[in-house]
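Asker: Any chance you can model this:
(one chain, ligands or ions: 1)
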Amino acid sequence: MKPAEPTQRQAPPARQHQMALFARNFFKHPKMLGSIIPSSRFLVRRMLNHIDWQRTRVLVEYGPGVGTFTREILRQMPADAALIVIETNEDFVDYIQRVYPDPRMQVVHGSAADIEQILAERDLGQVDYVIAGIPFSTLPGHVGESILNATRKVISPAGTFLLYQFSPRLLPTLHRTFSKVSREFEPINFLPAHFYRCKP
Ligand SMILES: C[S@@+](CC[C@H](N)C(=O)[O-])C[C@H]1O[C@@H](n2cnc3c(N)ncnc32)[C@H](O)[C@@H]1O
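Answerer: This next block holds a predicted model:
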């Protein structure tokens, strides 16, 4: 696996704007965001280091927020790969489309629960990697479990589901849903994050 190059720091004005947009939306939808600030570059690097970019053709990101992972994915993914980004929050959809225009990326304003339909509408087959930053434990009803089940179905046999959470509460559900689950922990993040790699 090729190690990722160090995640770049952003210019202060862009970073401040992102922080403000993210915090404003946290106060509007705390359960959908789960955190008041975007992920740290340490967490982004830890997760994306597990991607074998050379063999990646289709990637999906759930809940990009202000694009903390998206920006790095676009920087590292191959020229002929496709990235589908799914986000429920319209402010973030508008922001991502405006700030990171890229012909390899399609931004969908919708829920990760509809991943199967979203891929079918685009004639995309199975996915190499799904990267998720959504707060599964605080999502309403059975939305979290529906997303996990649908995700297992769309990932190719050699593919991986990469996700982080702020508590280990989701672990039993991950074990029930996926054939193999590996765990790591990233302390340099607000909040410190549990990171999981799941095989379909
Ligand atoms: C903790 S934020 C993560 C933002 C970014 N990935 C990061 O790590 O900084 C969670 C994001 O998931 C989005 N979200 C929540 N439920 C979702 C769903 N069912 N489908 C897609 N996005 C969702 C929220 O709007 C929010 O942008």
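Asker: buried set for the longest helix along the chain?
Answerer: In the chain, taking DSSP state H as the definition, the longest helix is helix 12-28. Judged by neighbour count using 16 or more other C-beta atoms under 10 Å, the buried positions of helix 12-28 are 18, 21-22, 25-26. (Glycine included, C-beta is placed from N, CA and C.)
Asker: Next, the contact list for the residue nearest the centre of the chain, please.
Answerer: Taking C-alpha atoms, centre = their mean as the criterion, residue 132 is the residue nearest the geometric centre of the chain, at 3.0 Å. Residues near residue 132 by C-beta atoms under 8 Å, 6 or more residues apart in numbering: 61-63, 112, 147, 151, 161-164.
Asker: Just grab the bridge partners of it for me.
Answerer: Residues found in beta-bridge contact with residue 132 (criterion: DSSP bridges) are residue 62, residue 163.
Asker: what about it, distance to residue 20?
Answerer: According to C-beta to C-beta, to the nearest Å, residue 132 stands 24 Å off from residue 20.
Asker: Around the closest residue to residue 147 other than its chain neighbours, how many other residues sit close by?
Answerer: The shortest distance from residue 147 to any non-neighbouring residue, by C-beta to C-beta, 6 or more residues apart in numbering, is to residue 112 (4.7 Å). The tally of other residues near residue 112 (other C-beta atoms under 10 Å) stands at 26.
Asker: List the contacts of residue 112.
Answerer: 62-63, 86, 132, 134, 147, 150-151.
Asker: Now with 10 Å, please.
Answerer: Residues near residue 112 by C-beta atoms under 10 Å, 6 or more residues apart in numbering: 60-63, 86-88, 118, 130, 132, 134, 136, 139, 143-144, 146-148, 150-151.
Asker: among the residues you listed, which are in helices?
Answerer: Judged by DSSP H, these include 118, 143-144, 146-148, 150-151 as members of helices.
Asker: my guess is residue 186 meets residue 48, correct?
Answerer: No. Residue 186 lies out of contact with residue 48 (C-beta atoms under 10 Å); the separation is 12.0 Å.
Asker: which residues are in contact with the helix or strand following the longest helix of the chain?
Answerer: Elements were assigned by DSSP states H and E; along the chain past helix 12-28, the next helix or strand is helix 30-33. Defining contact as C-beta under 10 Å, 6+ apart, one finds that helix 30-33 is touched by 22-23, 25-27, 36, 63, 65, 88-89, 92, 133-135, 137-140.
Asker: Sounds good, over and out.
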